[in-house]
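A.B. asks: what's the 3D shape of this:
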Amino acid sequence: MLAACGTRLPDAAFPSVQGTTVVTTEQPGTGAGTASSAPTTSTTTGPDGAAQGPGGSTGVVPSAGPGSGLTNGRPNTASDTGVTPTTITLGQIVSRANPFDPKAFVGPFYGAAAFVADLNARGGINGRTVKLVTCDDHGDGNRNTSCVHSLIDSSHVFALVAQSIFTYGGASYVQQKAVPDVGSQPVDTAYDRYSHLWDVYGESYPRNGTIGYNGKLIGGTEVYQYFKQKFGGSLKAGVVYYNVASSTRFGQSIANGLRAEGYSVVEKQINFALPDFDSAVLDMKSQGVKYVYDALDTGGNVSLCRAMDADGLSPQVTAKVTTTQGWVGSIQSDYSDSPGCRNKLWATGNDLNYEDRDRPQVKRFRDAMARLHLDSPDQLSEWALEGWAGAQWLTDAMRSCGAALTRKCVEDFMGSGKPYTAGGLLTARSFAKGPAQKTSYTCINAARWQDGHGWVTQVADMNKNCFDAKQISYSP
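C.D. replies: Numbers count the residues shown, from 1 in each chain. Now for the predicted structure:
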């Protein structure tokens, strides 16, 4: 159960072409544009940073410009499915319509679309223009399977990129066809199970067909450590979740992590059909709760915040803590009638704040989003930034292959075990496999919402804001 990010484009931005949408450099989803002309470039690094191949070298060869089909004096060839001498076709499934919120899963699409447009304007990948084909699965597992077959069997995509899928019904077919799925959001547990699926956070799980470690996933306590160290004082936390299995499991995993760090926890389960947030809030207030966490959707969070203001909990709490998925630009409007709670919102994550345009990596993302008119508060979000980063990760992997672009080469890059940061946009992550650990050294960023300023970064350097976090096992 995820908080929302971004919002949906107008329906005209998602025209259907046999069930898919072609995104070009003119406008995502219109199918009206073509790859922009760009001056000839000689690339020695990946976007915003060096593209390190498995052997430690950059693996990047000079490009003779878009459409030339030449790299380093050697001609590009149709070296794999979805690859021609001048083009690369990628696919993306988006659960734009879904059972919870049409805004919830579209953020990564915005970021990936902006990245592809910017990439093509800069010359593409080693002389090849990138085409992105998308499919909306409506958050339904059967429709997802249809999207997977359409992209793989009909559109013949080379790889999938920066996906945000609610129910990944077609994941086993992606695995069977050995199609790399790179830089995606692990909403569904498929990314903790299949070896050809590479999420945007990196994983140490075996991914040998079984979820996580023998059916168990691991969650760290770094966020709880951060607030404990920053504020000290009372460690009384409330955790709010629905009486829906997935929400309950995630909420209880939060509660277990908090307890592992010494917090006293008040768990409040909300009836999804007949929610009573006031009773939950009044109880948390009477018990002296200082931190509020949740496993709710966006509507639930809005209702929770409204009750926190109305029932007097907001002045008492130190922080109403949300995740990367709740790190969105539409806070002012979403929480318009709960200003007290709104200004107690904190978000944590593992990448730079999308508001920090003084950082060159973020500025490039924001400029590209603006060129595609995807820079409204309803569209800017941390998940959009991670969609950009996921597309960059795949791009750096593809660029490392030079003229001989193959799926195997891309997966060799992804599975090298070398830390990847997208040129400093992300904290370091990799897919170095290993056994379950009791602790993990983890670095995080944190931001606080402030009216008039938006999300204000609270960490001087996210790569130095690190914790030896306990690893808590839970059932997905």
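A.B. asks: could you pull out the strands for the stretch 101-250 of the chain?
C.D. replies: According to DSSP state E, counting those that start in this stretch, the stretch 101-250 of the chain carries its strands in the segments 129-136, 159-161, 181-184, 197-199, 217-220, 236-242.
A.B. asks: in its sheet, what does the last one sit against?
C.D. replies: Based on DSSP bridges, the strands next to strand 236-242 in the sheet, each with its direction, are strand 264-270 (parallel), strand 291-295 (parallel).
A.B. asks: burial of residue 227, as a residue count?
C.D. replies: Residue 227 is flanked by 22 other residues according to other Cβ atoms under 10 Å. Just so you know, the C-beta spots here come from the backbone N, C-alpha and C atoms, and that holds for glycine as well.
A.B. asks: Might you report the residue contacts of it?
C.D. replies: Going by Cβ atoms under 8 Å, 6 or more residues apart in numbering, residue 227 touches 291, 318, 319, 321, 346.
A.B. asks: JSON lines please, covering those and showing pLDDT and secondary structure.
C.D. replies: Shown next, in JSON lines, are the contacts of residue 227 (pLDDT from 0 to 100; DSSP: H, G, I helix; E, B strand; the rest coil):
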{"residue": "291", "pLDDT": "98", "secondary structure": "strand"}
{"residue": "318", "pLDDT": "98", "secondary structure": "coil"}
{"residue": "319", "pLDDT": "98", "secondary structure": "strand"}
{"residue": "321", "pLDDT": "97", "secondary structure": "strand"}
{"residue": "346", "pLDDT": "98", "secondary structure": "strand"}
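A.B. asks: hmm, back to that, just send the strands paired with strand 236-242 back as CSV, with distance to residue 213 and mean neighbour count too.
C.D. replies: Output for those, formatted as CSV (distance: least, Cβ to Cβ, whole Å; neighbours: other Cβ atoms under 10 Å):
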stretch, distance to residue 213, mean neighbour count
strand 264-270, 25, 18
strand 291-295, 22, 26
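A.B. asks: Break this structure down into its domains, please.
C.D. replies: 11-201+358-414, 219-349+437-474 (automatic domain parsing).
A.B. asks: Of all the ones you listed, which one comes closest to residue 210?
C.D. replies: domain 11-201+358-414 (6.6 Å; Cβ to Cβ).
A.B. asks: Tell me the buried residues in stretch 348-360?
C.D. replies: For stretch 348-360, a neighbour-count test (16 or more other Cβ atoms under 10 Å) marks 348, 349, 350, 351, 352, 353, 354, 355, 356, 359 as buried.
A.B. asks: Sitting in strands, which of those do you find?
C.D. replies: Assigned to strands by DSSP state E, the following of those qualify: 348, 349.
A.B. asks: Indicate which one of the strands paired with strand 236-242 is closest to residue 145.
C.D. replies: strand 291-295 (27.0 Å).
A.B. asks: quick one: the helices in the stretch 1-150 of the chain?
C.D. replies: Remark: helices assigned in the stretch 1-150 of the chain by DSSP state H, counting those that start in this stretch are 107-121, 141-149.
A.B. asks: I'd like the mean pLDDT over the first one, please.
C.D. replies: Meaning helix 107-121. What helix 107-121 shows for mean pLDDT is 97.
A.B. asks: and that helix, what other elements does it pack with?
C.D. replies: The contact analysis (3 or more Cβ pairs under 8 Å, 6 or more residues apart in numbering; DSSP states H and E) places helix 107-121 against strand 21-23, strand 87-94, strand 129-136, helix 360-371, helix 382-399.
A.B. asks: How far away from the center of its chain is it?
C.D. replies: Relative to its chain's centre, helix 107-121 lies at 14 Å (Cα atoms, centre = their mean, to the nearest Å).
A.B. asks: what's the answer for stretch 113-122, then?
C.D. replies: 18 Å.
A.B. asks: Show me what counts as buried in it.
C.D. replies: Across stretch 113-122, burial judged by 16+ other Cβ under 10 Å covers 113, 114, 115, 116, 117, 118, 119, 120, 121, 122.
A.B. asks: Output the residues you listed in JSON lines, with distance to residue 203 appended to each entry.
C.D. replies: Shown next, in JSON lines, are the buried residues of stretch 113-122 (distance: Cβ to Cβ, whole Å):
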{"residue": "113", "distance to residue 203": "25"}
{"residue": "114", "distance to residue 203": "26"}
{"residue": "115", "distance to residue 203": "22"}
{"residue": "116", "distance to residue 203": "25"}
{"residue": "117", "distance to residue 203": "29"}
{"residue": "118", "distance to residue 203": "28"}
{"residue": "119", "distance to residue 203": "26"}
{"residue": "120", "distance to residue 203": "30"}
{"residue": "121", "distance to residue 203": "32"}
{"residue": "122", "distance to residue 203": "30"}
